[in-house]
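A.B. asks: Using only what follows, build the 3D model:
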Amino acid sequence: MLNTANLSLEQAPPISIPFRFFLTAPLFGLLAGLLMLYYGPDMVTSRWSPATLALTHALTLGVMSMVMCGAMMQMLPVLAGSPLPRVREVGTVLHLAMIIGTLGLVLGFISSDGRWFGVALSALAVGFAPFFVALFVALIRVKVLSPTILGMRFAGTALLVTIGLGMLVLMARVGWLELGNPVPWVDTHLSWGLVGWVGLLLVSVAYQVVPMFHVTPEYPEWLRGYLTKGLFGLLIVWTLVGAVWPTVFYQDILMLLSLGCYVLFALQTLKLFQQKRRKVKDATLLFWRVSLVGIVLAVGLWAVMVLFSDQLSGYLTTFVLLIGAVVLLAAVAVINAMLYKIVPFLSWFHLQHRQLALMSFTVSVPHMKAFLADKHVKRQSYLWLASALLLLLAIVVDGVLIYPGALLFVIANLYLFINLALIYRLYRQVSGQLDEAAGPTPVAG
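C.D. replies: Residues are numbered from 1 along each chain as shown. Got it, this is the predicted structure:
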């Protein structure tokens with residue numbers, strides 16, 4: 001049984017707010033697959049190629065951040081009773097801005113036309129400015145600071161830094177300011193985006209959703225109490241060392257400690273899955289396990305690259321691309337897993353709340369499993385896993401393998417979109433039935 005005793009929907013935004021973010025993300029995943037199909041092996045030649053940069057931002061901003069921003073708007077009022085002010089307006093503006101901004105970045109990179117970067121900068125500034133104000137107001141208002149909420153504070157701060165650094169790099173790219181050597185700025189932007197924003201939020205949300213949806217024991221108190229604090233602190237120190245005392249050795253040590261925290265989290269989560277209280281097979285566990293193993297693999301590859309950089313000098317580009325691909329795929333995998341739990345849960349939870357509010361007890365609200373059959377989740381997860389393996393092989397074996405990998409990636413993201421759309425359609429159907437059963441609202445006076 002799900003423990004929903006501490007959850008509240010009284011102040012939650014309309015379900016259409018987070019769902020518009022969730023339904024948009026697979027479409028940007030589909031766009032990423034189409035980019036790989038069009039550019040083919042050029043994608044696996046350099047991290048700096050325009051096509052690779054376009055692909056990276058389609059995934060990080062269009063898929064990961066799209067889902068994560070939508071989730072934060074829903075989770076803060078539900079978990080902490082602290083809604084974002086004017087969430088309808090903020091959510092609508094941010095969603096539109098992220099679509100325009102991501103498309104602007106993609107078009108800017110592949111066309112080398114600075115005007116698209118200007119469009120992206122303008123859209124993202126307009127969208128994220130009110131979001132950050134509303135987000136931090138909501139986070140400051142939280143009275144009980146749980147590990148999940150504290151992690152959200154850190155993650156929100158990391159997103160602010162990531163967006164700020166990204167805008168500086170873009171302004172330098174179009175000639176609006178001078179940054180000198182752009183590589184350190186890009187690396188810092190990337191680290192705050194992946195190690196900070198994406199990693200911290202996924203860890204913080206996992207504290208809540210893994211025990212809740214997978215019926216595992218809670219994460220150990222020491223891990224929940226110190227992991228996100230340690231990660232955030234290490235990332236700050238890493239940044240300051242790079243800015244004030246740019247010695248690669250010390251930065252590498254600090255980054256290794258940060259990444260080691262994620263290995264610790266991954267191993268602990270795998271252990272929790274082994275301790276599940278219900279041994280019922282769960283179709284989303286494949287995504288989780290692939291993601292957690294991917295985290296350990298990426299950290300291992302990074303350590304090997306740093307420790308043996310001289311011996312691997314001829315393979316550094318391959319290592320960098322492989323590590324980047326593993327990290328991106330691991331993050332997208334866990335986001336898939338969370339979507340398949342959060343979207344049916346929100347649908348069920350909102351319908352339960354509406355049923356009580358309307359007193360429409362003649363309508364049966366579907367249970368969570370009824371929103372989407374496991375077979376669809378399994379099929380989509382197998383397609384996604386096959387695409388991920390082919391894309392990784394394209395980097396280390398033969399670039400031509402990117403074509404079948406990209407095709408499967410397109411199909412898997414299209415399948416994910418259809419699955420999420422089916423859940424939302426059922427929600428709308430039952431919601432309409434509840435309205436009909438409740439009858440017309442009496443006119444006052």
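
A.B. asks: And residue 5, what's its pLDDT?
C.D. replies: If you check residue 5, the pLDDT there is 50.

A.B. asks: where does residue 309 fall, helix, sheet strand or coil?
C.D. replies: Secondary structure state of residue 309, per DSSP: H, G, I helix; E, B strand; the rest coil, is coil.

A.B. asks: mind checking how far it is from residue 47?
C.D. replies: 16 Å (C-beta to C-beta, to the nearest Å). Backbone N, C-alpha and C define where each C-beta goes, glycine included.

A.B. asks: Pretty sure residue 325 is one of the things residue 392 touches, is it not?
C.D. replies: Yes: using C-beta atoms under 8 Å, residue 392 makes contact with residue 325 at a distance of 5.9 Å.

A.B. asks: higher neighbour count, the two?
C.D. replies: Shown here are residue 392 and residue 325; by other C-beta atoms under 10 Å, residue 325 has more neighbours (23 against 20).

A.B. asks: which residues does residue 269 contact?
C.D. replies: Listed by C-beta atoms under 8 Å, 6 or more residues apart in numbering, the contact set of residue 269 reads 206, 210, 219, 288, 292.

A.B. asks: Arrange those residues in TSV, one row each, with secondary structure as further columns.
C.D. replies: Shown next, in TSV, are the contacts of residue 269 (three-state DSSP):
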residue	secondary structure
206	helix
210	helix
219	coil
288	helix
292	helix
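
A.B. asks: Going by distance to residue 82, which of those residues wins?
C.D. replies: Within those, proximity to residue 82 (C-beta to C-beta) peaks at residue 206, which comes in at 20.3 Å.

A.B. asks: Tell me which helix or strand residue 187 sits in.
C.D. replies: Residue 187 belongs to helix 182-191 when assigned by DSSP states H and E.

A.B. asks: Packing partners of that helix?
C.D. replies: Secondary-structure packing of helix 182-191 (3 or more C-beta pairs under 8 Å, 6 or more residues apart in numbering; DSSP states H and E): helix 147-173, helix 221-244.

A.B. asks: how about the last one: buried residues?
C.D. replies: Neighbour-count burial for helix 221-244, with 16 or more other C-beta atoms under 10 Å as criterion, is recorded at 223-224, 227-228, 230-232, 234-236, 238-239, 241-242.

A.B. asks: now swap in the first one and tell me
C.D. replies: Going by neighbour count (16+ other C-beta under 10 Å), the buried part of helix 147-173 is 147-163, 165-173.

A.B. asks: avg pLDDT for it?
C.D. replies: 93.

A.B. asks: Check the last one too.
C.D. replies: On average, the pLDDT along helix 221-244 is 92.

A.B. asks: and the angle from that helix to helix 147-173?
C.D. replies: 20 degrees (axes from the mean of the first three to the mean of the last three C-alpha atoms, to 10 degrees).

A.B. asks: How is the residue nearest the centre of the chain assigned, secondary-structure-wise?
C.D. replies: Residue closest to the average C-alpha location in the chain (C-alpha atoms, centre = their mean): residue 64, at 3.1 Å. Counting by three-state DSSP, the backbone at residue 64 sits in helix.

A.B. asks: picking that back up, mind checking which of the contacts of residue 269 are buried?
C.D. replies: By 16+ other C-beta under 10 Å, the contacts of residue 269 give 206, 210, 219, 288, 292 as buried.

A.B. asks: got TSV for those residues, with distance to residue 357 too?
C.D. replies: Shown next, in TSV, are the buried ones among the contacts of residue 269 (distance: C-beta to C-beta, whole Å):
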residue	distance to residue 357
206	31
210	30
219	34
288	34
292	39
